[in-house]
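Q: What shape does this take:
(2 chains)
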Amino acid sequence: MITNTEIATLLRQIAAAYQILNENRFRIIAYERAADSIEHLSSEAKDLWDDGKLKEIPGIGQAMADYLDELFRTGKVRHFEAVLKKVPASLFPLLSIPGLGPKKAYKLAISLKFSNPKSVISDLAQAVKSHKVASLEGFGEKSEADILEGIQAYQRGQIKEKRMVLPEADQLAQTIISYLKKLPSVRRVDSLGSLRRQVSTIGDIDIAVATTKSSEVIEHFCKYPHKKLIEKGPTGASLLLTNGRQVDLRVQKPAAYGAMLQYFTGSKNHNIKLREYALEKGLSLSEYGIKNLHTKKLKEFSTEEAFYQALDLSYIPPELREDQGEIEAALRSGISRTQGKPPLVKLTDVKGDLHVHTSYDLQPSHDLGADSIEKYLDQATKLGYEYLGISDHNPSLTNHSEKQIIRIMSDRKAYYEEHYYSWVKKLSKKSQTVGRYVQLVIMLEVDILTDGQLALPEMAFNYVDAVIASLHSSFTQEREKISERILKGITAHPKVRILGHPTCRMLGSREGVDADWEKIFKVCRQRDLALEINAYPQRLDLPDSLVFEAKKQGLHFCINTDAHATGQMNLMRYGVSVARRGWAVKDDIINTLGYNDFRKWLVK
DNA sequence: GCCGTTTTCGGCCCGACTGTTTTCAGTCG
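A: Below you'll find the predicted structure:
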C-alpha cells in the first residue's frame, strides 16, 4: 500500500521537476501544498480515496484527485512519469542536503554527469573534494565548503535524535527560560513554535525574549552550556546543546514583541492564511508588525492580542493555529467582541482522573501500578479532584479459570472499598470539615481480544462500576478486521463506557492502528461512549487531529493519565493540550462534570 | 493547479540570508 509519506515525496518531486522546467510558479506551489496537506493527514489518503473523499483534502482539486485516482488504481501516474522523465533521477537525493534546492541540484547532476541516484551523494562529496564544483557557473569556493558541510549535516541528520515528547521539550525549555530570566533586562520570555502550540512531538526549542538590551541577552544566552554555537546575529542565536538538542533564541524590543511572538509561533499554514486574509484588507503582515499598503506605514504591537485585534479577529489560542478554520471562527466571534476567545477546556476544568493503575495485585494480563490506592487518593485530593477511577488491567485469562477471575474481581472490590472507607475515616478524624472527599469509582481496563471479545467473564462485571475497553495486542490487523474488532468490543457489554487509547500509537516507536474511525465514532455517539484522550506523553491518544474529527461529530471525551505511579497523575495537562488542539471545550469532556452528573453518565 | 462573503476567472504570503553577483536567483523557515 502506498503511504501518505510516499505520496507527499512523489508530489514534491513533481514540484521540484516543474521548478527546474520553469513551470508556472503557482502550479509548483500547488504541488507543494498538496504534498504538505497529504503528509499531515490524520488518515491514509488511500482510505479517503476508497470513500471518494479525496477532494475534501485541502489543496487537492479535480486534477490532483484524478492523478491520485490513477495512482491508487494502477500504481503509477502517466503524467507524473512523463514530467519526471524530463529531469535526471539522480538530482532527487541531493534535495535532502541543506542548501541544495531543485535548480542547484539539477545543475550539479547535469554538469557533473551524475547518473546513479544511489551513489549521487557520495559522488558529489567526491566531486567537491577534487574541486570540480567551484568552476561551475553559479557556484564558487564558498559553495564547495557549504555543500560539504551540508552533506555532513545530512549524514548527522540520518542519525539525528528523535523528536522530543512534550514533557521533555517543556522541561528543557523551562530550564533555559529560568536561565534567561536571571538577567534583569529580560522583560518577558516565551516558548515559540510547535512547543507553544503544544504539538505532540517537538523538534527544536524556540524561545522569544522581549528586551531593550538585545546584545546583552544574546551574549548571556550564548554562555548557556552548549556543544556548538550554530549561529549568532543581531536578532538572535542558535545553540546545539550537549544533549544533541537545538535551541533557537529570538529577541525583540517590547513594543514590537507581539508581532514577533505571533510570527514565530506559526504554524506556517496559519500564518499564510492570516496574511492572505490581511491582504484583502490592504494590510501586509510580518514579524515586525502590520504594514498598511496604502500609507506604507508599519504599526508595531506589544501583544499578540492587539495584533489579532488590529485584524478584526478575536484572539486565537496558539493550540488552534493550524489553519483548520480558526481564522474564520475568530472572525465570526470577532463580530461580537464580548464573546472573546473560544472557551477551550482548561486543566482546572478537570474534576477527576478515571484511568490509574494501583499496585493491588489482581494478577493482571499486563503491568501493575507502583503505588497503593491510598497514595492515589491522596494525590487526587492534592489535585483538587472530586473523583478517582481505578482502572487496573483485567486478571489474565491464560492463568485463571473463569471462577477464579470472578473471585479475584470480587476480592478486589472488597479490598478497594475497605481501604477507601478507612482512608476517609482517617481523614475525617484529622480535618474538621465533613464530606467532600474524593469519591472512588471502581473500574477496570479490559482488553479487547483479537476476535473482539472482552477479556472479562460476564459475571465479573458485577464487581465494577464501569469499564474502559482497550486494545493491547495485534495492532497490525487489517483495517476492516480491526474496525470490526473494536466495534464488537465496545458494544459487548453495557458497562463499557470508554474506549481507551483508541489508536494505540506510541510516539516515535509505533504507528496507530489503521481503523475506520468514522464508523467507530458513529457507534460511540449512538451509545454515548466517551473516547479516551490518554495523556501519557508517548501516547497522547486520541491524537489531536482525530479529536478534531470526533468533536465535529459531537462525541464526548474523557481525559485520563493512565498513571502507573501517582506522580504521573500530574501529566494531565498534556491530555488537556491535545483536547484543546482538537478544539474541545469543557462540555465535550466527560470528566469536567461534577461527581453526580459524571456518575449519571457513567453508570447506565 | 487550487480556489471562491468581490466564485468559474484571475488571483495566489513574507522576509532574511547568502553567494555570486553588479541587481539577483536560489534556498529556507
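Q: okay, CA-based contacts and neighbour counts for the rest of this
A: Noted.
Q: What are the buried residues along stretch A:172-186?
A: Neighbour counts over stretch A:172-186 (16 or more other Cα atoms under 10 Å) mark A:173, A:176-177, A:180, A:185-186 as buried.
Q: Following the helix or strand bottoming out on mean pLDDT in chain A in sequence, what is the next regular element?
A: Least confident helix or strand, chain A: helix A:326-335 with a mean of 73, by mean pLDDT, DSSP states H and E. Using DSSP states H and E, the next helix or strand after helix A:326-335 towards the C-terminus is strand A:352-356.
Q: which residues are contacting that following strand?
A: A:369, A:380, A:385-392, A:441, A:443, A:445, A:558-565, A:569, A:591-592 (Cα atoms under 8 Å, 6 or more residues apart in numbering).
Q: Those residues also near DNA strand B: which ones?
A: For DNA strand B, no contacts are drawn from the contacts of strand A:352-356 by Cα under 7 Å from any atom of the strand.
Q: Could I have the PyMOL command that selects the buried members from the residues you listed?
A: Those of these that count as buried under 16+ other Cα under 10 Å are selected in PyMOL with:
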select buried, chain A and resi 369+380+385+386+387+388+389+390+391+392+441+443+445+558+559+560+561+562+563+564+565+569+591+592
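Q: and which of the buried residues of stretch A:172-186 is nearest to A:Pro494?
A: Checking the buried residues of stretch A:172-186 against A:Pro494 with Cα to Cα, the nearest one is A:Ala173 at 44.9 Å.
Q: pretty sure that closest one contacts A:Val189?
A: No: using Cα atoms under 8 Å as the test, A:Ala173 is too far from A:Val189 to be in contact (10.4 Å).
Q: Common neighbours of the two, please.
A: A:Ile207.
Q: Please tell me how far A:Arg510 sits from A:Thr503.
A: 10 Å (Cα to Cα, to the nearest Å).
Q: neighbour-wise, which of these two wins?
A: Neighbour count, other Cα atoms under 10 Å: between A:Arg510 and A:Thr503, A:Thr503 has more, with 22 against 12.
Q: can you pull the contacts of the more buried one?
A: A:512-514, A:541-543.
Q: Count the neighbours of the closest residue to A:Thr476 other than its chain neighbours for me.
A: The shortest distance from A:Thr476 to any non-neighbouring residue, by Cα to Cα, 6 or more residues apart in numbering, is to A:Val513 (6.5 Å). By the measure other Cα under 10 Å, the count of residues near A:Val513 is 19.
Q: Am I right that A:Val513 is in contact with A:Ser473?
A: No: using Cα under 8 Å, A:Val513 makes no contact with A:Ser473, being 10.5 Å away.
Q: Buried residues, the lengthiest helix in chain A. List them.
A: Ranked by residue count, the top helix of chain A under DSSP state H comes out as helix A:402-430. Within helix A:402-430, the residues scored as buried using 16+ other Cα under 10 Å are A:405-406, A:408-410, A:412-413, A:416, A:420, A:423-424.
Q: Same list, the contacts of A:Thr503, but as TSV with secondary structure and pLDDT please.
A: Shown next, in TSV, are the contacts of A:Thr503 (DSSP: H, G, I helix; E, B strand; the rest coil; pLDDT from 0 to 100):
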residue	secondary structure	pLDDT
A:Gly512	coil	85
A:Val513	coil	87
A:Asp514	coil	85
A:Asp541	strand	93
A:Leu542	coil	93
A:Pro543	coil	93
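Q: Of these, which are in range of DNA strand B?
A: Near DNA strand B, by the rule Cα under 7 Å from any atom of the strand, you find none of the contacts of A:Thr503.
Q: quick one: which of the buried residues of stretch A:172-186 is nearest DNA strand B?
A: A:Ala173 (17.4 Å; Cα to the nearest atom of the strand).
Q: and the nearest residue to A:Asn4 once chain neighbours are set aside, what is it in contact with?
A: Leaving out its chain neighbours, the residue that sits closest to A:Asn4 by Cα to Cα, 6+ apart is A:Glu39, at 5.5 Å. Contacts were defined as Cα under 8 Å, 6+ apart; by that measure A:Glu39 touches A:4-5, A:7-8.
Q: ok, now with 6 Å
A: A:Glu39 makes contact with A:4-5, A:8 under the criterion Cα atoms under 6 Å, 6 or more residues apart in numbering.
Q: so where's the longest strand in chain A?
A: Counting residues, the longest strand found in chain A (DSSP state E) is strand A:439-447.
Q: can you state the direction angle for that one and strand A:352-356?
A: 40 degrees (axes from the mean of the first three to the mean of the last three Cα atoms, to 10 degrees).
Q: Report the strands that pair with whichever helix or strand comes after strand A:439-447, each with its relative direction.
A: For strand A:439-447, the succeeding helix or strand toward the C-terminus, using DSSP H and E, is strand A:466-470. Applying DSSP bridges, strand A:466-470 is found paired with strand A:439-447 (parallel), strand A:496-499 (parallel).
Q: Keeping just the C-alphas, turn the last one into PDB.
A: Okay, so that is strand A:496-499. Output of strand A:496-499 as PDB, limited to C-alpha atoms (Å, rounded to 0.1, in the frame of the first residue of the first chain):
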ATOM      1  CA  VAL A 496     -18.200  -0.400  28.600                       C
ATOM      2  CA  ARG A 497     -18.200   3.400  28.800                       C
ATOM      3  CA  ILE A 498     -14.800   4.500  27.400                       C
ATOM      4  CA  LEU A 499     -12.600   3.400  24.500                       C
END
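Q: Report the rounded mean pLDDT for it.
A: For strand A:496-499, the mean pLDDT works out to 97.
Q: likewise the longest one?
A: For strand A:439-447, mean pLDDT rounds to 95.
Q: How far away from the center of its chain is that strand?
A: Distance of strand A:439-447 from its chain centroid, counting by Cα atoms, centre = their mean, to the nearest Å, is 28 Å.
Q: just stretch A:41-56 next, same as before
A: Put simply, stretch A:41-56 sits 20 Å off its chain's centre (Cα atoms, centre = their mean).
Q: Show residues contacting it.
A: With contacts defined as Cα under 6 Å, 6+ apart, stretch A:41-56 is touched by A:61, A:545.
Q: Residues in contact with stretch A:449-466: which ones?
A: Contact partners of stretch A:449-466, identified using Cα under 6 Å, 6+ apart, comprise A:406, A:410, A:442-443, A:446-448, A:485, A:488-489, A:495.
Q: if you set the cut-off to 7 Å instead, what comes out?
A: For stretch A:449-466, the external contacting residues (Cα atoms under 7 Å, 6 or more residues apart in numbering) are A:394, A:397, A:402, A:406, A:409-410, A:413, A:441-444, A:446-448, A:474, A:485-486, A:488-489, A:495-497, A:602-603.
Q: mind listing the helices for the stretch 1-150 of chain A?
A: For the stretch 1-150 of chain A, the helices defined by DSSP state H, counting those that start in this stretch occupy A:4-20, A:25-39, A:45-50, A:62-74, A:78-84, A:91-94, A:102-111, A:120-129, A:141-158.
Q: contacting residues for A:Val165?
A: By Cα under 7 Å, 6+ apart, A:Val165 lies in contact with A:200-202, A:537-538.
Q: With distance to A:Phe461, pLDDT and neighbour count added, can I get these in CSV?
A: What follows is these, written out as CSV (distance: Cα to Cα, whole Å; pLDDT from 0 to 100; neighbours: other Cα atoms under 10 Å):
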residue, distance to A:Phe461, pLDDT, neighbour count
A:Ser200, 35, 90, 25
A:Thr201, 38, 88, 21
A:Ile202, 41, 89, 20
A:Pro537, 30, 92, 22
A:Gln538, 30, 90, 19
